[in-house]
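Enquirer: heads up, no residue letters with this:
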């Protein structure tokens, strides 16, 4: 029995497409230098561990993923197309990633965890808030949640393991997961601990012009690290500057000519 596998990636995640190896790497940078400590957690609804479940429990199991690599692939063709809302930090840094960031048994200390996607395509994303980046007055939405459809798994269950990021040692084997309504959805969080489910703290929007300090962790993944790195500064929930109209009641749409 086949099923669809989807993973939602949330938080400080650097997406690195590699056309040569047909792989999408997702790097979680070590967050230090006065930032709130970030933790990696692979999450799934507890109902998935029970064969024959017909509905979700609504309560997630959280598996520590710090210092590990999660690899997913189904044989479905891989698309490396990414949305504009995933900003190109490499174009700002203008230097290569540190050796070992993408593969190998000697990852840099600046890398906390890694996910490797070898199939599928982007399914949806949250546009996120509006920020000035990389220059003042250059406004853009920065996504904070990406949903990736890994593709079709030709089996009646999903076997998962987390491999040691530095190589060697034993893999962390997870319990088998069983699809519900023809699918399994995973979540991968790399956020401060207070922002994890099931009861994340709503910190609310920052004041205008507040810099996104966590963003600085991305620059540490480049060799050499970027000095005096530009940080996004908060504009608001949207980049529109008009008055009137609610984003919660009247939404725009499009249609092709028939």
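Expert: Yep, it's here. Here the structure is a predicted model, which means the values were calculated and not measured.
Enquirer: Residue 52 and residue 178 touch, don't they?
Expert: Yes. Here residue 52 reaches residue 178: they are 7.4 Å apart, a contact under Cβ atoms under 8 Å. Just so you know, the C-beta spots here come from the backbone N, C-alpha and C atoms, and that holds for glycine as well.
Enquirer: Which one of the two is surrounded by more residues?
Expert: More neighbours surround residue 178 than the other of residue 52 and residue 178, with 18 against 7 (other Cβ atoms under 10 Å).
Enquirer: Now do the contacts for that one.
Expert: 48-53, 156-158, 184 (Cβ atoms under 8 Å, 6 or more residues apart in numbering).
Enquirer: pLDDT value on it, please?
Expert: Looking at residue 178, its pLDDT stands at 98.
Enquirer: cool, and the one 4 residues further on?
Expert: You'll see residue 182 listed with a pLDDT of 97.
Enquirer: Show me what the residue lying closest to it once chain neighbours are set aside is bridged to.
Expert: In this structure, residue 182 finds its nearest non-sequential neighbour in residue 3, 5.3 Å apart by Cβ to Cβ, 6 or more residues apart in numbering. In this entry, residue 3 is beta-bridged to residue 153, by DSSP bridges.
Enquirer: again, but for the one 5 residues further on
Expert: On DSSP bridges, the residues paired with residue 8 through beta bridges are residue 147, residue 187.
Enquirer: Just list the residues touching it, thanks.
Expert: Here residue 8 is in contact with 145-148, 185-188 (criterion: Cβ under 8 Å, 6+ apart).
Enquirer: what do you get for residue 189?
Expert: 10-11, 39-41, 43, 195-197.
Enquirer: do residue 49 as well
Expert: Contacts of residue 49 by Cβ under 8 Å, 6+ apart are 61, 175-178.
Enquirer: Same check on residue 133?
Expert: Contacts of residue 133 by Cβ under 8 Å, 6+ apart are 87, 140, 142, 230-233.
Enquirer: again, only this time at 10 Å
Expert: Applying Cβ atoms under 10 Å, 6 or more residues apart in numbering, one finds that residue 133 lies in contact with 87, 89, 92, 139-140, 142, 212, 215, 230-233, 235.
Enquirer: Let me see the backbone angles for residue 93.
Expert: phi -70, psi -40 (degrees, to the nearest 10).
Enquirer: So which of the contacts of residue 133 wins on neighbours?
Expert: residue 232 (22 neighbours).
Enquirer: Any chance of the backbone angles for that residue?
Expert: Dihedral angles for residue 232 - degrees, to the nearest 10 - are phi -60, psi 140.
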